[in-house]
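Trainee: Curious how this folds, go ahead:
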Amino acid sequence: MTDSSPRTAKRGPGRSAHLRRNLTITGILLVALALLIGGAVQLVLPMFTADQTVTDYPGPGSGDVEVVIVDATPAAIGNTLVQADVVATVDAFVDAYGENPDATGILPGSYSLARQMTAADAVSALLDPANRIDRTLTIPPGWRASQILAKVSEVMGMPLADVDAAADEVKLPKVAGGHIEGWLFADSYMIAPDDEVQQVLQRMVDRTIEVLDAHEVGGDDRQTVLTEASIVEAEVSDAENRGKVARVMQNRLDGCADVGQYLQMNSTVAYGLGKSVTDLTLADLADDSTPYNTYVHEGLPPTPINSPSVESIEAVLSPPEGDWCYFVTVNLETGETRFTDDPAEHEQNKADYRAWLAQWREEQSAAAEDPSTDGEG
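Mentor: Model prediction:
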């Protein structure tokens, strides 16, 4: 019989050590597993929570903030609105812009909007004129400085005397000789609530300089080009006739038979007398009380007579070839204009114009006396 007791006693400590080793390894594995799981959570969790990021505010928004839209493209507007905390993300605004068929009507300007609006509400708010806090000043080509300053007074809601005073402080090119006529560029301007009138007028002058520079017109030529272009602007409207009038002026300034260097433009006479062309009389054409009467004074008048368009400036810079020394617009309503180098033909054209004018005045007088025409446009 074999005695197994000593061997049994010896195996006891071996088992304990083995168990301890197993427990230690298990603990290490558990710690490693915990670390691995923790790392995985940190790595994977953002993938599941990214969709929880706010991409559009729930609205309806609160408070108010002034936003200035300079670039009216969707992404540029969205970026401006995100910076002002009007919308949550550019993408949300771009999507809302694309879903609104009227969104292309959003214009540059200043707006008062709520903060944290839905992107769709922001698009609608930008389309609502009630949220515009700036004003639009639109100057048509051919307006005289007096008309422009009166319009500025109206749009900015300030006395005309204050606008006139501000005009005297505007910085003009030396060649303008201190005269602002012709230098207030005809265009549309956005006027912000904090704009000063002198700033607005200076912007218009700077725009004129910018256009002249773009057409490579500098120095003393600036005033000459503006003056000639203003006459073209006042005399005719269509592209072909603008160029022909510019050519007639150049031919006159170079010297034409029978008329020399007298421009003989009704538009300059009307400007000097503060009248409209249709109100001129034969006596007015002989009136030498102003330097703007180009029937009695040779060469160009001392200043432009209005703010010309780019088209008139370009007509002066590139007139067509031609030997015309005379032209008459024989019908101011249709714009029919006749050009010639024949003095006799020119006299007949002038007679046709006077006949049209007499009939036009008669019709105007009859319409004014007829009560049935009251209120008609």
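Trainee: Pull the contacting residues for the closest residue to residue 300 other than its chain neighbours.
Mentor: Ranked by C-beta to C-beta, 6 or more residues apart in numbering and with sequence neighbours excluded, the top spatial neighbour of residue 300 is residue 227, at 5.1 Å. C-beta: built from backbone N, CA, C; applies to glycine. For residue 227, the contact set (C-beta atoms under 8 Å, 6 or more residues apart in numbering) comprises 182, 300-301, 303-305.
Trainee: mind redoing it with 7 Å?
Mentor: Counting by C-beta atoms under 7 Å, 6 or more residues apart in numbering, residue 227 touches 182, 300-301, 303-304.
Trainee: For it, give its distance to residue 246.
Mentor: The gap separating residue 227 from residue 246 is 12 Å, by C-beta to C-beta, to the nearest Å.
Trainee: before we move on, what about residue 151?
Mentor: Distance, residue 151 to residue 246, using C-beta to C-beta: 27 Å.
Trainee: Compare these two (neighbour count), which wins?
Mentor: Legend: neighbour count by other C-beta atoms under 10 Å for residue 151 and residue 246, higher for residue 246 (25 against 17).
Trainee: helix or strand for that one, which one?
Mentor: Following DSSP states H and E, one finds residue 246 within helix 239-254.
Trainee: Residue 328 too?
Mentor: When elements are assigned from DSSP H and E, residue 328 belongs to strand 326-331.
Trainee: repeat for residue 363
Mentor: Counting by DSSP H and E, residue 363 is part of helix 343-369.
Trainee: go on, residue 165?
Mentor: Here residue 165 is assigned to helix 160-169, by DSSP H and E.
Trainee: How about that helix, which residues are buried there?
Mentor: 163-164, 166-167 (16 or more other C-beta atoms under 10 Å).
Trainee: how about CSV for these, with pLDDT added?
Mentor: Supplementary listing: those in CSV, determined by pLDDT from 0 to 100:
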residue, pLDDT
163, 97
164, 97
166, 98
167, 98
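Trainee: Dump these to CSV, plus distance to residue 130.
Mentor: As requested, these are exported to CSV (distance: C-beta to C-beta, whole Å):
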residue, distance to residue 130
163, 27
164, 32
166, 29
167, 32
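Trainee: Report the two of these separated the most.
Mentor: Pairwise distances across the buried residues of helix 160-169 (C-beta to C-beta) peak at 7.3 Å, for the pair 164 and 166.
Trainee: sorry, back to before: after the strand holding residue 328, which helix or strand is next? Please name it.
Mentor: Following strand 326-331 in sequence, per DSSP H and E, is strand 336-340.
Trainee: what's that following strand in contact with?
Mentor: Contacts of strand 336-340 with the rest of the structure, by C-beta under 7 Å, 6+ apart, involve 236, 241, 244, 248, 324, 326-330, 346, 349.
Trainee: neighbour-wise, which of the residues you listed leads?
Mentor: In terms of neighbours by other C-beta under 10 Å, those top out with residue 248 at 26 neighbours.
Trainee: Let me see the contact set for it.
Mentor: Contact analysis of residue 248 by C-beta under 7 Å, 6+ apart lists 324-325, 327, 339.
Trainee: Among those residues, which one lies nearest to residue 354?
Mentor: Using C-beta to C-beta, those come closest to residue 354 at residue 327, 15.2 Å.
Trainee: Kindly state the beta-bridge partners for that closest one.
Mentor: Residues in a beta bridge with residue 327, per DSSP bridges, are residue 339.
Trainee: separation between it and residue 240?
Mentor: Counting by C-beta to C-beta, the gap from residue 327 to residue 240 is 12 Å.
Trainee: returning to that earlier point: contacts made by the strand holding residue 328 with the rest, please.
Mentor: With C-beta under 7 Å, 6+ apart as the criterion, strand 326-331 contacts 235-236, 244-245, 248, 335-341, 346, 349-350, 352-353, 356.
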